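# Here you go, sequence then predicted model.
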Amino acid sequence: AQTVTQSQPEMSVQEAETVTLSCTYDTSESDYYLFWYKQPPSRQMILVIRQEAYKQQNATENRFSVNFQKAAKSFSLKISDSQLGDAAMYFCAYRSPSTNFGNEKLTFGTGTRLTIIP
Amino acid sequence: DAMVIQNPRYQVTQFGKPVTLSCSQTLNHNVMYWYQQKSSQAPKLLFHYYDKDFNNEADTPDNFQSRRPNTSFCFLDIRSPGLGDAAMYLCATSRDLKRGRNEQFFGPGTRLTVL
């Protein structure tokens, strides 16, 4: 079974600075998907960024980028120019590529609570 | 806007009194999921539907049941809620399994309180 580990329960960053959230995972599969989800306080969870394991290029979405190290099974999220609205719980998640029924689920890490300091 | 809707947003029930939570989607997605999320924890998958096919997680208690009468709606039934079932319940959907189109879209959640 796959596992996802987020070793930083809490992080804080000064507004406008850059912060990196760590995520490692364990899998025996060679192809899979990785996600970062953001869950603001009392608001719904939304997708921040997605990475397909077969792609070598790191995904980027505006101020959000990932550092995907497949051999090391590491998938960190970098937030540049942090804004107050970035304050949230961030979850790293893994998804198997299998199209077999029952394998559509996400495996989540335990989350990192990010605080933005004005 | 296409979205995932959960009703009610807040639900209070009494210990042992059955409760039903509702989820609807306008995304026309094949797959619908129910998660339980306790405070400051990761969402825990309870079960999901791929179309009409139901997949129950091995550690989901029998107390939790689900129904999906059509593509748009999915219900979570808690037959006899205990104090430990107080949590946020998240509904999510995803499209089919073709490569690259498989992220899950979450609803705002229903916060369940058990008295």
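Done, it's in.

# and residue A:46, how many residues sit next to it?
13 (other Cβ atoms under 10 Å in any protein chain shown). Backbone N, C-alpha and C define where each C-beta goes, glycine included.

# ok, now residue B:24?
Residues near residue B:24, counting by other Cβ under 10 Å, number 19.

# Wasn't it part of a strand?
Yes. Residue B:24 sits within a strand when classified using DSSP: H, G, I helix; E, B strand; the rest coil.

# That one against residue B:72, yeah?
Yes. Using Cβ atoms under 8 Å as the test, residue B:24 is close enough to residue B:72 to be in contact (5.4 Å).

# Please name the nearest non-neighbouring residue to the most centrally placed residue in chain A.
In chain A, the centroid-proximal residue (Cα atoms, centre = their mean) is residue A:36; its distance is 2.9 Å. The spatial neighbour of residue A:36 that comes closest, neighbours along the chain excluded (Cβ to Cβ, 6 or more residues apart in numbering or on different chains), is residue A:48 at 4.3 Å.

# For the host helix or strand of the one you found, report the contacting residues that lie outside it.
Element membership for residue A:48, per DSSP states H and E: strand A:46-52. Here strand A:46-52 makes contact (Cβ atoms under 8 Å, 6 or more residues apart in numbering or on different chains) with A:31, A:33-39, A:58-61, A:64-66, A:68, A:75, A:77, A:90, B:99-100, B:103-106.

# Return the members of those residues classed as buried.
Taking 16 or more other Cβ atoms under 10 Å in any protein chain shown as the criterion, what is buried in the contacts of strand A:46-52 is A:33-39, A:59, A:64-66, A:68, A:75, A:77, A:90, B:103-106.

# out of those residues, which are inside strands?
Under the assignment DSSP state E, these contribute A:33-39, A:64-66, A:68, A:75, A:77, A:90, B:105-106 to strands.

# OK, contacts around the residue nearest to the spatial centre of chain B?
Taking Cα atoms, centre = their mean, the centroid of chain B lies closest to residue B:34, which sits 2.6 Å from it. Residue B:34 is in contact with B:23, B:45-48, B:64, B:66, B:74, B:76, B:89-91, counting by Cβ under 8 Å, 6+ apart.

# ok, which of those residues also contact chain A?
Filtering the contacts of residue B:34 for proximity to chain A by Cβ under 8 Å from any Cβ of the partner chain leaves B:45, B:48, B:90.

# residues in contact with the one helix or strand the first one maps to?
Read it as residue B:45. Remark: residue B:45 resides in strand B:44-50, with elements defined by DSSP H and E. By Cβ under 8 Å, 6+ apart, the surrounding residues in contact with strand B:44-50 are A:101, A:104-106, B:30-38, B:54-57, B:60, B:64, B:66, B:68, B:74, B:76.

# Would you list the buried entries among the residues you listed?
Buried residues within the contacts of strand B:44-50, counting neighbours by 16+ other Cβ under 10 Å: A:104-106, B:30-37, B:55, B:60, B:64, B:66, B:68, B:74, B:76.

# from those residues, which ones fall inside strands?
When these are checked against strands (DSSP E), the matches are A:106, B:31-37, B:55, B:64, B:66, B:74, B:76.

# need these in CSV with distance to residue A:117 and pLDDT, can you?
Shown next, in CSV, are these (distance: Cβ to Cβ, whole Å; pLDDT from 0 to 100):
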residue, distance to residue A:117, pLDDT
A:106, 30, 88
B:31, 39, 89
B:32, 39, 93
B:33, 35, 94
B:34, 36, 96
B:35, 31, 95
B:36, 32, 96
B:37, 26, 93
B:55, 43, 89
B:64, 40, 97
B:66, 42, 97
B:74, 40, 97
B:76, 38, 97
